[in-house]
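Colleague: When you get a sec, could you give me coordinates for this:
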Amino acid sequence: MPNNDRGDGGDHIDRADDGDRDSDDGGLSLKLPPIRLPSLFPENFRILWPAPGEGPRRRVSKRAVLAAVLLFDIVDAVLALTVDSSAVVGVRVVGGALVAATTFGTLGVGYVWEAVAALAGFGELTVAPTLTALFVVHLLR
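Modeller: Below is the predicted model:
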C-alpha cells in the first residue's frame, strides 16, 4: 500500500489516475468568443517600391536606369577607394544588393561577388562597375 501522508485513508491516490475524468469536473476552463481583427490596410492598398516582376505602372526609360546604375557605381567606387570602414562597406554592399535585386530580379544575384570580395578583405576589387555590367547583361538577354 502506498505511503499516505495526508491521513485520509489514501482515497485520493487512485482517483487522480483513473483517466476517465470528465471535462466538467470543476476544473478551470476559459473559452473566448471568436476574435476578428479589423483590416489594417484598405483593399486597394499598394506598396510603391517596385519588386521584380511587379514593375511600376509607368515604365522607366533605359537611359534613366543606366544613369542611375552608373551614378551608383561611381559613388561606390569612390567610397571603395577612399573609405576603409567596415560600416561603409556594409552599407555599400547591402545598398548595391537591394538596387541589383529590385532592378534586375534574379540576375541581381551576380552582385553577391562584391559582398564576398569585401568580406574576404579585397575591397579594392569592388571598384568594378558591377551594376553597369548587370545592366549590359540584362540588355543582351
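Colleague: which stretches of this structure form helices?
Modeller: Secondary structure of the chain (DSSP state H): helices located at 11-15, 62-82, 86-104, 112-119, 130-140.
Colleague: Reformat those helices as a markdown table; add mean pLDDT and distance to E43.
Modeller: In this view, the C-beta of every residue, glycine as well, is placed from N, C-alpha and C. Shown next, in a markdown table, are these (pLDDT from 0 to 100; distance: least, Cβ to Cβ, whole Å):
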| stretch | mean pLDDT | distance to E43 |
| --- | --- | --- |
| helix 11-15 | 51 | 57 |
| helix 62-82 | 91 | 32 |
| helix 86-104 | 88 | 25 |
| helix 112-119 | 87 | 38 |
| helix 130-140 | 92 | 34 |
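Colleague: Distance-wise, check V112 relative to T106.
Modeller: Distance of V112 to T106, computed by Cβ to Cβ, to the nearest Å: 12 Å.
Colleague: Looking at the two, which is more packed in?
Modeller: V112 (14 against 9; other Cβ atoms under 10 Å).
Colleague: Show me the residue at the heart of the chain, geometrically.
Modeller: Centroid-nearest residue in the chain: L98, 11.6 Å away (criterion: Cα atoms, centre = their mean).
Colleague: which residues are in contact with both of V112 and T106?
Modeller: Counting by Cβ atoms under 8 Å, 6 or more residues apart in numbering, no residue touches both V112 and T106.
Colleague: What about V99, how many residues nearby?
Modeller: For V99, the neighbour count with other Cβ under 10 Å is 19.
Colleague: Same check on the one 10 residues further on?
Modeller: Here the count is done by other Cβ under 10 Å, and V109 has 13 residues near it.
Colleague: Please apply the same query to E114.
Modeller: 25.
Colleague: from memory it sits against G96, does it?
Modeller: Yes - in this structure, E114 is within contact of G96 by Cβ atoms under 8 Å, at 6.2 Å.
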